[in-house]
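Colleague: coordinates for the following, if possible.
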Amino acid sequence: MQTILVIDDDENLRETIAILLEREGFDVILAPNGRSGLDLALTAKPSLVICDLRLPDLSGIEVCKRLCLAGAGPPIIVLSAAGEEVDKVLLLEIGADDYVVKPFGSRELLARIRAVLRRVGPEAERVLGFDDVQVNLERRVVTRGGQEVKFTPAEYNLLTFFLHNPDRPLSRDLILNSVWGYESFPNTRTVDAHVVRLRQKLEPDPNCPRHFVTLHKVGYRFLP
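Modeller: Okay, here's the model as predicted:
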C-alpha cells in the first residue's frame, strides 16, 4: 500500500485530505509544520509528499530544496493558496513534481496524485510515445515509424518537457525557463522556432499540427 505524507499547518485541511486519501486506499502520515514533515519524509520514506507552500517554520520551498539535496527523495506536490504568487518554474527546479492551487476539488487532487505516482513509480515506463513516435528516455533516442530521428540537445529537451507536461497550457516563458534555464538568455522566439522544428520532424502534417498545438496569447499545449 502506498503511503502519502501531508504537511500543512491547517489542521482542518490536513484531516480532510487524510480522510479523502484513506478512502482511496492510501496510508496517510500527517505533519503540522515543515520541520517535522521534512524529518518524516526522510525517515518514513513515503511514496509521495503533499506540502503546503507557506508553513510557519520551514517553508514548502525549503522542504523541497532539502529533499532534493538529500537525493532520491519522494515526489512532491505543492499546495498554494489562490492568488498567491507562485514561481512555478522555481518549484520545478527545486524538486517539486506538481502544484495544486487551493481551494481544489477532491477529484483534481486525486488525479494529480495518481499522475505523479505513475510518472515516478517503479512501474513507470522509460519509453514514452505518441502517434508513431517513441522516445527512449534512458538512451535519449527518438524514433518515428521505427526510424531514428536526429535531434539537437535543445530540441530533445523541449520534446521531453512536452512529454512530461501533457495537456497543460504552457506559456512561452515557462517553456523558455524550464528548457533553456535562466543562464541562457534566449528570447521567446527561440521557443517558437524550436516548436516549428518539432512539428517538422514529428507531426503528420506540420502545417496543421495536432500534437504541438498553439494556444493563442498563451503559448503551447502538447496533446499526445
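Colleague: which strands and helices sit next to the helix or strand hosting residue 13?
Modeller: Using DSSP states H and E, residue 13 falls within helix 11-23. Where contact means 3 or more CB pairs under 8 Å, 6 or more residues apart in numbering; DSSP states H and E, helix 11-23 is packed against strand 3-7, strand 27-31, helix 106-120. Every C-beta, even on glycine, is put in place using the N, C-alpha and C of the backbone.
Colleague: 10 Å - rerun?
Modeller: strand 3-7, strand 27-31, strand 48-52, helix 106-120 (3 or more CB pairs under 10 Å, 6 or more residues apart in numbering; DSSP states H and E).
Colleague: tell me how far it is from the chain's mean position?
Modeller: Taking the mean of its C-alpha atoms, helix 11-23 sits 23 Å from the chain's own mean (CA atoms, centre = their mean, to the nearest Å).
Colleague: list of residues touching that helix?
Modeller: The contact list for helix 11-23, computed with CB atoms under 10 Å, 6 or more residues apart in numbering, reads 2-4, 6-8, 10, 26-32, 48, 50, 52, 79, 102-104, 106-107, 109-110, 113.
Colleague: what comes up buried for that helix?
Modeller: Buried residues in helix 11-23, defined by neighbour count with 16 or more other CB atoms under 10 Å: 14, 17, 18, 20, 21.
Colleague: for PyMOL, write a command that selects the buried ones of the contacts of helix 11-23.
Modeller: Burial among the contacts of helix 11-23 is assessed by 16+ other CB under 10 Å; the matching PyMOL selection reads:
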select buried, resi 4+6+7+8+26+28+29+30+31+32+48+50+52+79+102+109+113
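Colleague: got CSV for the buried residues of helix 11-23, with distance to residue 212 and pLDDT too?
Modeller: As requested, the buried residues of helix 11-23 are arranged in CSV below (distance: CB to CB, whole Å; pLDDT from 0 to 100):
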residue, distance to residue 212, pLDDT
14, 40, 93
17, 35, 95
18, 40, 95
20, 35, 93
21, 35, 94
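Colleague: between those residues, which sits nearest residue 175?
Modeller: residue 17 (31.0 Å; CB to CB).
Colleague: how much space between that closest one and residue 46?
Modeller: 13 Å (CB to CB, to the nearest Å).
Colleague: between the two, which contacts overlap?
Modeller: With contacts taken as CB under 10 Å, 6+ apart, residue 17 and residue 46 have 4, 6, 28 as neighbours in common.
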